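K.L.:
sequence below, structure please.
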Amino acid sequence: MTPGARGIGAASFFSDLGHEIPTALLPGLLTVTLGAPAAALGLIEGLADGAAGLAKLGGGALADDPDRRRRVALGGYAITAIFSALIGLAAAAWQVAVLRVVAWTSRGARGPARNALLADMVPASAYGRAYGFERAMDNLGAIGGPLLALALLATLGIRVAILLSVIPGVLATVAILYAVRQAPQLAAREHQPVRIRIRPVLQGKLGQLMVGVGAFELGNVAATLLILRATGLFEPGRSHTAATQLAIAL
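P.N.:
So this is what the prediction gives:
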């Protein structure tokens, strides 16, 4: 539990706390406030997740360089916070799409950099505990984010709630900045050109693991689509706001 590990854990907590607010409220914003069809939500989420996946691929190559990984991690947290919150100002579905894709691209790019930073800060014998702590903080934020969205939706409305999500996002950026400053100075080495090497990752036992991960992701339906479906099922006999609140809580 080094200071750097605590900083990264705090960054994961606050970041999820922030971007889970617009995620929880995205179905209502698109289909009710902006009048877009449900298919628009699926398209936006597909584009955003696809961009995040490609960004992870590129972010992994960038994270191999100690200097780059620090800049990518810091920039990734800041951009995710800002563009996720700006969704609250969107006046059309295509604007939501652009903002969501940019936010998720940054989120994807920062992941490998954050993981590499965490590996810099703890001994190899503590990798499991360190990553377990980081994931626990991430999931704690993923629980708190929708609950915070419920409270903000009930008191301030959907657009203001999304805009206020920038506050925990900024706290996440401050936390990752603290973690970067706690990171040990690694031996300087010559900058290598960024190259994305896929074949070595798909070979041997690591390749078998990738097949399992891919199979899981094929069945991993976007949570926003589940929220939209649940809202529709709860709506008969209730106001849309009440149905949305029940769906998010579920």
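K.L.:
who does whichever strand or helix holds residue 205 touch, helix- and strand-wise?
P.N.:
Element membership of residue 205 [criterion: DSSP states H and E] is helix 204-218. Using 3 or more CB pairs under 8 Å, 6 or more residues apart in numbering; DSSP states H and E, no helix or strand is in contact with helix 204-218. Quick note: C-beta positions are derived from backbone N, CA and C, even for glycine.
K.L.:
contacts for that helix, please.
P.N.:
The contact list for helix 204-218 (CB atoms under 8 Å, 6 or more residues apart in numbering) reads 201, 202.
K.L.:
tell me the mean pLDDT over that helix?
P.N.:
Averaged across helix 204-218, pLDDT comes to 85.
K.L.:
now swap in stretch 140-160 and tell me
P.N.:
The average pLDDT within stretch 140-160 is 93.
K.L.:
same question for that stretch: list its buried residues.
P.N.:
141, 142, 144, 145, 146, 148, 149, 150, 152, 153, 158 (16 or more other CB atoms under 10 Å).
K.L.:
output it as PDB, restricted to C-alpha atoms.
P.N.:
What follows is stretch 140-160 as a C-alpha-only set of coordinates in PDB (Å, rounded to 0.1, in the frame of the first residue of the first chain):
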ATOM      1  CA  LEU A 140     -16.600   0.900  -5.600                       C
ATOM      2  CA  GLY A 141     -16.800   4.000  -7.800                       C
ATOM      3  CA  ALA A 142     -19.000   2.100 -10.300                       C
ATOM      4  CA  ILE A 143     -21.500   1.500  -7.500                       C
ATOM      5  CA  GLY A 144     -21.300   5.000  -6.100                       C
ATOM      6  CA  GLY A 145     -21.700   6.700  -9.500                       C
ATOM      7  CA  PRO A 146     -25.200   5.500 -10.300                       C
ATOM      8  CA  LEU A 147     -26.300   6.100  -6.700                       C
ATOM      9  CA  LEU A 148     -25.000   9.700  -7.000                       C
ATOM     10  CA  ALA A 149     -26.700  10.000 -10.400                       C
ATOM     11  CA  LEU A 150     -30.000   9.000  -8.700                       C
ATOM     12  CA  ALA A 151     -29.600  11.800  -6.100                       C
ATOM     13  CA  LEU A 152     -28.600  14.400  -8.600                       C
ATOM     14  CA  LEU A 153     -31.400  13.500 -11.000                       C
ATOM     15  CA  ALA A 154     -34.000  13.800  -8.300                       C
ATOM     16  CA  THR A 155     -32.800  17.200  -7.100                       C
ATOM     17  CA  LEU A 156     -31.100  19.000 -10.100                       C
ATOM     18  CA  GLY A 157     -32.300  17.300 -13.300                       C
ATOM     19  CA  ILE A 158     -30.500  15.300 -15.900                       C
ATOM     20  CA  ARG A 159     -28.400  17.900 -17.700                       C
ATOM     21  CA  VAL A 160     -27.000  19.500 -14.500                       C
END
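K.L.:
what helix or strand is the residue nearest to residue 140 when sequence neighbours are not counted on?
P.N.:
Closest residue to residue 140 in three dimensions, ignoring its sequence neighbours and counting by CB to CB, 6 or more residues apart in numbering: residue 13, at 5.7 Å. For residue 13, the host element (DSSP H and E) is helix 3-28.
K.L.:
now the angle from the helix or strand following that helix to helix 204-218?
P.N.:
Next along the chain after helix 3-28, taking DSSP H and E as the criterion, comes helix 38-63. Counting by axes from the mean of the first three to the mean of the last three CA atoms, to 10 degrees, helix 38-63 lies at 160 degrees to helix 204-218.
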